[in-house]
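Undergrad: pasting a predicted model and its sequence here:
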Amino acid sequence: MTPPPSPLFDPSNAFLAPMVEILRRHPKRIVFPSGLDPRILRVAAELVKTEAVAPILLGNRPALRAMATDLGLSLEFIGIIDPAESDDFDFFCERYRRVEKARRRAVPDAAEVMVKPAYFAAMMVQYGYADGVVGGNEGFPAAFFRALFHLIRPMPGRDSASSCLPAYLANRPDLGVNGTLFLADCAVIPNPTMGQLAMTAVETARAAHLLSSEKPRVAMISFSTRGSARNASTTKILAAMELARSQAKQLLVDMEIDGEMQLDAAIDPDTMQRKAPGSVLGGRANVLVFPDLNAAHVAFKMLEYAAGAETYGQLVLGLARPAAQVSRVAKERTILGAALCTAMRAMAYRDLVNAEDFV
């Protein structure tokens, strides 16, 4: 029998520890589509210990019980659902048929779709059987995102989705919010339009404020600072910043935003003073919005592998329910953090989405 692993939750983590304290008073149900992953089972057991999240695993019951025995883990207080054997399977199939009919699409075999864990989990979240979903750890990101975007409604006023990624550097508390930076969009839109960049900036700011309780300071990242170079890319970023500022005012999102600017100016006060004196950010940005997926993805991988940052999944923005994607090589702490962030976001969604949407 494998001995129990050391605790995954670190009480000294300046980003996650406050969330656990809040969630202990308001625990949320998070569903994991890929329940038959040892990492997920360990994370679920740890979440139960923190008393912050009620985990729900999708998968074959006997196989999950056998895996738990092999890992020396208890399944107490962990929900287990086998989609094909669920009492709600027929209801979800009927709901899926209605969705496809409303979209004027040919309805495939609904059962064949609903038996897929990612689709079943998305349906659970959309109809209130769970408060959020964390998945993607056993397949390509596109497959997980496809299920989310197909079945979870967009947030009112949004017609596309993007993502943000919290990155925690324990040895750099001077950066961001006590060492936490929010990077966007690292997962969804390869080449965002001006409008998509603006949406990403505002929604990342909203997520950053919820998760850190600090005022978002948003930097629109570029290879140029304040017109030091000018081309179509920098012009788009500048226009996106102005649109984001307007949207934030309309949506009552209290944030500071500036750009376009280089990364060093965004996070280093001395460099900011030289390159963009008078900026409202003061070289202390905590939200970094990158011009495209290539730049954002490379940046977060560099933070992980070169700077030792802990990252906590791709938090999906623009949907009416909270979701997070974690990679096939995600560490257990990444999955744990993604679950806590998703649970925290679930607390705020009734204020962001029309109440009737939860019926």
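TA: Looks like it came in fine. Keep in mind it's a predicted model, so treat the numbers as computed, not measured.

Undergrad: just the buried positions in whatever helix or strand residue 19 lives in, please.
TA: Taking DSSP states H and E as the definition, residue 19 sits inside helix 17-23. Residues 19, 20, 23 are the ones in helix 17-23 that count as buried (16 or more other Cβ atoms under 10 Å). Quick note: C-beta positions are derived from backbone N, CA and C, even for glycine.

Undergrad: which one of the residues you listed is nearest to residue 10?
TA: The nearest member of those to residue 10, counting by Cβ to Cβ, is residue 20 at 10.3 Å.

Undergrad: now do the contacts for the closest one.
TA: Contacts for residue 20 (Cβ atoms under 8 Å, 6 or more residues apart in numbering) come out as 9, 11, 50, 52, 340.

Undergrad: swap in residue 42?
TA: Applying Cβ under 8 Å, 6+ apart to residue 42 gives the contacts 5, 8, 71, 73, 332.

Undergrad: for residue 87, see how far away it is.
TA: Here residue 42 is placed at a distance of 28 Å from residue 87 (Cβ to Cβ, to the nearest Å).

Undergrad: got a list of what the most centrally placed residue in the chain touches?
TA: Residue closest to the mean C-alpha point of the chain, counted by Cα atoms, centre = their mean, is residue 315 at 0.9 Å. Contact analysis of residue 315 by Cβ under 8 Å, 6+ apart lists 163, 164, 165, 166, 207, 322, 323, 324, 338, 341, 342, 345.

Undergrad: now residue 191. Nearest residue, chain neighbours left out?
TA: residue 292 (5.3 Å; Cβ to Cβ, 6 or more residues apart in numbering).

Undergrad: assess the claim that the one you found and residue 196 are in contact.
TA: No. Using Cβ atoms under 8 Å as the test, residue 292 is too far from residue 196 to be in contact (10.4 Å).

Undergrad: which of the two has more neighbours?
TA: Legend: neighbour count by other Cβ atoms under 10 Å for residue 292 and residue 196, higher for residue 196 (19 against 14).

Undergrad: one step back: narrow the contacts of residue 20 to those in helices?
TA: Those of the contacts of residue 20 mapping onto helices are 50, 340, per DSSP state H.

Undergrad: ok, and the most crowded of the contacts of residue 20?
TA: Tallying neighbours with other Cβ under 10 Å puts residue 340 at the head of the contacts of residue 20, with 30 neighbours.

Undergrad: which residues does that residue contact?
TA: 16, 19, 20, 23, 52, 53, 312.

Undergrad: how about residue 211?
TA: Going by Cβ under 8 Å, 6+ apart, residue 211 touches 15, 19, 166, 182, 341, 344, 345.

Undergrad: how about a cut-off of 6 Å?
TA: Residues in contact with residue 211 (Cβ atoms under 6 Å, 6 or more residues apart in numbering) are 341, 344.
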